[in-house]
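>>> quick one, what's the 3D model for this:
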Amino acid sequence: MNAVQRLAHWKTLLAGWQLGTRAVGDPECDAVRDHREATLMLRAEMTALTALLIDKGVFTADELAERLEAEAEYYSGKLAERFPGVEATDAGLELDLRAMETMRGWRP
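The predicted structure follows:
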């Protein structure tokens, strides 16, 4: 599992990229490092699992792509419900006046 451990090391660089250089023990950075490690591992695990399932003939790459498209549409819609005034488009996020109320009180 050396490759998995090496992948996990990227969490430090990614957290620094997001927050700037911070010491271990900084609560905000520790949380980001933990989240980055979980995201890195999940990506590698899901890619490996998906490849195995396709290789074993459980489903095809086209079936996966179709289902992923449907799930992404569903989740994007749920996020739009959660954050009124914000919609994801092919060009990026579009915000209307309701978004200002949605984001009231957020950190600058």
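>>> secondary structure element holding the spatially most central residue of the chain?
Against the mean C-alpha coordinate of the chain, by C-alpha atoms, centre = their mean, the closest residue is Thr39 at 6.8 Å. Element membership of Thr39 [criterion: DSSP states H and E] is helix 27-55.
>>> can you report how many residues lie near the residue nearest to Ala23 when sequence neighbours are not counted?
Beyond its immediate neighbours in the sequence, the residue positioned closest to Ala23 (C-beta to C-beta, 6 or more residues apart in numbering) is Cys29, lying 7.6 Å away. Glycine gets a C-beta too; all of them are placed from N, C-alpha and C. Look at Cys29: counted by other C-beta atoms under 10 Å, it has 19 neighbours.
>>> contacting residues around Cys29?
Taking C-beta atoms under 8 Å, 6 or more residues apart in numbering as the criterion, Cys29 is in contact with 15-16, 19, 22-23.
>>> great, nothing more from me.
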